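K.L.:
pasting the sequence and the predicted model now:
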Amino acid sequence: MASVSWGLATSHVPPIGAAMDNHKTADPYWKPLFDGYGPARKWMAGHQPDVAVIVYNDHANFVGLDMVPAFAIGAADSYAIADEGRGRRPVPDVAGAPELSEHLIRELIDDGFDITTCSKLDVDHGLTVPLSVYCPDPGDAWPCAVVPVLVNVIQYPQPTAARCFALGKALGKAIRSYPRDIKVAVFGTGGMSHQLAGARAGLINPRFDRMFLDAIERDPASLAALSREEYIAQAGTEGIELIMWLVMRGALSDALVRVHETYHVPASNTAAGLALFEDLGG
Amino acid sequence: MTQVSLARDNYVLDLAQARRGYALNRLLGSLMDPANRQRFGRDEAAYCADYGLSEQQRRAVVERDWAELLELGASVFYAFKLTMVDRTSMQHLSAAFTGMSPVEFAAVMAAGGRNFG
């Protein structure tokens, strides 16, 4: 049977990807962030999964406003890199894992989560930056296949934090019931505190972020209990992306070990966080 | 004379905002395409008319009145597409809401960002 090997929570800010694409990771501005990634990257390179399930959101690049699915899962053979308006990132297309996608979608729908399915999905920085955080030099191909899981965090009302956590639990159960002996990593992406518009643009809340980094391991239910309005007030209008970390955390068992974490301000307008957990419960 | 509007604390893209800004966000999203950026650059007002923008929305686009754009229904992720035409950045856009210059705003972020307690 399949197992959940580890979970990675990471910010997905475009300039983090651009810093790698433009070979600026040793610049004084970026070096502290990438130094912070070092131990996590080393550990992940020694624990490569067969498939990464990546929970992310699109940023007005593919999904649009005509139809906004609350939760959607890619079911394609592969996913092209979206051109967000400045040319596509110089990274490989993303190979899918369509049989696992099909299994997850069926299991989740049977479990009461009415998932939208995507047979074509161009993936934006929300997905590719976390892949680059995991694997900075993929060469011609990423080292694992990917199942993209989209969460609407752009248009209100978003799914609640509690619903994201519940989806994660169902997702973990669905992965573990997949009848093939593969290792799966789950990525929860976005955050941490940031706000791009309005008079509070530039908001950073390190107190909330530190609390979140701690509670995502030890007390995720307390984070799932926070309202949409509390996320906005504390973490900013775009910091609500943090609800996607709860999908990842829900997919892990409680027999988890924190491998590494790092927190750095700023990555452009955003507090960048990373937390890596090994799941000993499989 | 360019008039710049004051920003509210928070803008959220709820369904009323999505309805108000539907044509506007559609225009802004179209600027991901280089050919559309060229066409927009040749005559911004005419391009706005093609997308059915209101007079207020047209003015906000042409004058880059960012707070007004959000008041009139734009999502910040769509407004960002206009910075690609201008070859600026998200930080440039964010700064505009705060009354700081982009350089001042970048310095504030580098020093730890804006803590509202």
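P.N.:
Cool, got the structure. Keep in mind it's a predicted model, so treat the numbers as computed, not measured.
K.L.:
neighbours of residue A:163, how many?
P.N.:
18 (other C-beta atoms under 10 Å in any protein chain shown). In short, each C-beta sits where N, CA and C put it, glycine included.
K.L.:
whichever residue of chain B sits closest to chain A - how many residues pack around it?
P.N.:
Nearest residue of chain B to chain A: residue B:113, at 2.8 Å (C-beta to the nearest C-beta). By other C-beta under 10 Å, 22 other residues sit near residue B:113.
K.L.:
contacting residues around the nearest residue to it once chain neighbours are set aside?
P.N.:
Ranked by C-beta to C-beta, 6 or more residues apart in numbering or on different chains and with sequence neighbours excluded, the top spatial neighbour of residue B:113 is residue A:204, at 2.8 Å. Applying C-beta atoms under 8 Å, 6 or more residues apart in numbering or on different chains to residue A:204 gives the contacts A:193-194, A:265-266, A:270-271, B:109, B:112-115.
K.L.:
those: which two are farthest apart?
P.N.:
Spanning the widest gap among the contacts of residue A:204 are A:270 and B:115, at 14.1 Å by C-beta to C-beta.
K.L.:
pick out whichever of these two has more residues nearby.
P.N.:
Of the pair residue A:270 and residue B:115, residue A:270 is the one with more neighbours under other C-beta under 10 Å, namely 32 against 12.
K.L.:
separation between the more buried one and chain B?
P.N.:
Note on residue A:270: its distance to chain B, by C-beta to the nearest C-beta, to the nearest Å, is 9 Å.
K.L.:
can you count the residues close to the residue lying closest to that residue once chain neighbours are set aside?
P.N.:
Of all residues not flanking residue A:270 in the chain, residue A:194 sits nearest, at 3.9 Å (C-beta to C-beta, 6+ apart). The tally of other residues near residue A:194 (other C-beta under 10 Å) stands at 33.
K.L.:
residue A:87 now?
P.N.:
9.
K.L.:
quick one, helices of chain B?
P.N.:
B:15-20, B:22-30, B:34-42, B:44-50, B:55-62, B:66-71, B:76-86, B:90-96, B:102-110 (DSSP state H).
K.L.:
counting by contacts, list what the longest one packs against.
P.N.:
So the one you mean is helix B:76-86. Helices and strands touching helix B:76-86, by 3 or more C-beta pairs under 8 Å, 6 or more residues apart in numbering or on different chains; DSSP states H and E, are helix B:22-30, helix B:34-42, helix B:66-71, helix B:90-96.
K.L.:
out of those, which comes closest to residue A:128?
P.N.:
Here helix B:90-96 is closest among these (C-beta to C-beta), at 17.0 Å.
K.L.:
using CSV, write out the CA atom coordinates for that closest one.
P.N.:
Taking Å, rounded to 0.1, in the frame of the first residue of the first chain, the C-alpha atoms of helix B:90-96 are listed here in CSV:
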residue,chain,number,x,y,z
MET,B,90,4.3,43.8,-6.9
GLN,B,91,6.3,45.8,-4.4
HIS,B,92,5.7,48.9,-6.6
LEU,B,93,2.0,48.2,-6.6
SER,B,94,1.8,47.5,-2.8
ALA,B,95,3.7,50.7,-2.0
ALA,B,96,1.2,52.7,-3.9
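K.L.:
how about the contacts of residue A:204 in JSON lines, adding pLDDT and distance to residue A:83?
P.N.:
Formatted as JSON lines, those follow (pLDDT from 0 to 100; distance: C-beta to C-beta, whole Å):
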{"residue": "A:193", "pLDDT": "98", "distance to residue A:83": "29"}
{"residue": "A:194", "pLDDT": "98", "distance to residue A:83": "24"}
{"residue": "A:265", "pLDDT": "97", "distance to residue A:83": "30"}
{"residue": "A:266", "pLDDT": "96", "distance to residue A:83": "26"}
{"residue": "A:270", "pLDDT": "97", "distance to residue A:83": "22"}
{"residue": "A:271", "pLDDT": "98", "distance to residue A:83": "28"}
{"residue": "B:109", "pLDDT": "97", "distance to residue A:83": "27"}
{"residue": "B:112", "pLDDT": "97", "distance to residue A:83": "33"}
{"residue": "B:113", "pLDDT": "97", "distance to residue A:83": "30"}
{"residue": "B:114", "pLDDT": "97", "distance to residue A:83": "32"}
{"residue": "B:115", "pLDDT": "94", "distance to residue A:83": "36"}
